[in-house]
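1. Could you look at this predicted model? Sequence included:
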Amino acid sequence: NAGVMQNPRHLVRRRGQEARLRCSPMKGHSHVYWYRQLPEEGLKFMVYLQKENIIDESGMPKERFSAEFPKEGPSILRIQQVVRGDSAAYFCASSPDRGYNEQFFGPGTRLTVL
Amino acid sequence: GEDVEQSLFLSVREGDSSVINCTYTDSSSTYLYWYKQEPGAGLQLLTYIFSNMDMKQDQRLTVLLNKKDKHLSLRIADTQTGDSAIYFCAEKELNTDKLIFGTGTRLQVFP
């Protein structure tokens, strides 16, 4: 049973470009969480999605950031018009149900904005 | 608001015990977690404890929870060089599904 998969593992973008980060949850998991880790900091919650539904987006910046988890395919975190402050590691986690006591983390995507 | 605090660094000699401490502010937390992050890698769940428990032991790991003081600790017995990593504590609030992470404690194990 493959774990949570994220790609790309490393992404370099110039200021103003778009970044798309993908997350495939563990098999049988329909709940996905995105977290951001700024350099030398802990992880901060961004958004929690179930297939075709955003459950909690209280940690998402108000502009330029969006997330989706379609019926088919991976969850996508999209950052438009990236700025240097977006440089961070973005982690995805998944769980089989809402309220499940464990979240299983992927290896992360490290975004560098030049 | 939620706040989870940890000391930034801990250095121990190989074979000694390590104790990593964490304080949290939300008394409604249901589960508390310890994750390990090695350089350039994702987070590995080490162990977790339900908030109505005081202690949980799993091989070399012992978790102690003092709910009155909102203090959580992770003890690693017989620390090895492979234990060198950043350790994060996290809490899960009642009626939410998001984890609130601490800033992480960098554990360095020297021979």
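-> Everything's here; your move. Numbers count the residues shown, from 1 in each chain, chains lettered A, B, ... in the order given.
2. what does chain A put close to chain B?
-> Counting by C-beta under 8 Å from any C-beta of the partner chain, chain A comes close to chain B at A:31, A:33, A:35, A:41-45, A:48, A:55-56, A:58-59, A:91, A:95, A:98-99, A:101-108, A:110. No exception for glycine: its C-beta is placed from N, CA and C like everyone else's.
3. now with 6 Å?
-> A:42, A:43, A:45, A:48, A:101, A:105, A:106, A:107, A:108 (C-beta under 6 Å from any C-beta of the partner chain).
4. where exactly do the strands run in the chain?
-> I went with chain A, as the question did not name one. Along chain A, counting by DSSP state E, strands occupy A:5-7, A:10-13, A:19-24, A:31-37, A:43-50, A:53-56, A:65-68, A:75-79, A:88-95, A:104-105, A:109-113.
5. oops, chain B please
-> B:4-6, B:9-13, B:18-24, B:29-37, B:43-50, B:55-58, B:61-66, B:71-76, B:85-93, B:99-101, B:105-110.
6. Against which helices or strands is the last one packed?
-> Counting contacts by 3 or more C-beta pairs under 6 Å, 6 or more residues apart in numbering or on different chains; DSSP states H and E, strand B:105-110 packs against strand B:9-13, strand B:85-93.
7. for the first one, the distance to its chain's centre please.
-> Spelled out, it's strand B:9-13. 15 Å (C-alpha atoms, centre = their mean, to the nearest Å).
8. can you state the direction angle for that strand and strand B:18-24?
-> 160 degrees (axes from the mean of the first three to the mean of the last three C-alpha atoms, to 10 degrees).
9. Could you list the low-pLDDT ranges of chain A?
-> A:1 (pLDDT under 70).
10. Quick check: which of the helices and strands packed on strand B:105-110 is buried the most?
-> Most buried of the helices and strands packed on strand B:105-110 by mean neighbour count (mean count of other C-beta atoms under 10 Å in any protein chain shown) is strand B:85-93; its value is a mean of 23.
11. I'd like the distance from that strand to the chain centre, please.
-> Centre to centre, stretch against its chain (C-alpha atoms, centre = their mean), the figure for strand B:85-93 is 5 Å.
12. Also stretch A:91-109?
-> Using C-alpha atoms, centre = their mean, the offset of stretch A:91-109 from its chain centre is 10 Å.
13. What ranges in chain B fall below the confidence cut-off?
-> Ranges of chain B meeting pLDDT under 70: B:1-2.
14. Spell out which parts of it neighbour chain A.
-> Residues of chain B found near chain A (C-beta under 6 Å from any C-beta) are B:31, B:42, B:43, B:88, B:97, B:98, B:101, B:102, B:103, B:104.
15. Ranking by neighbours, what's the top pick from the residues of chain A next to chain B?
-> residue A:43 (29 neighbours; other C-beta atoms under 10 Å in any protein chain shown).
16. I figured that one hits residue A:36, correct?
-> No. Counting by C-beta atoms under 6 Å, residue A:43 sits too far from residue A:36 to count as a contact (7.0 Å).
17. residue contacts, the closest residue in space to residue A:106 that isn't next to it in sequence?
-> Excluding its sequence neighbours, the residue lying closest to residue A:106 (C-beta to C-beta, 6 or more residues apart in numbering or on different chains) is residue A:4, at 3.6 Å. For residue A:4, the contacting residues are A:25, A:26, A:92, A:94, A:104, A:106, by C-beta atoms under 6 Å, 6 or more residues apart in numbering or on different chains.
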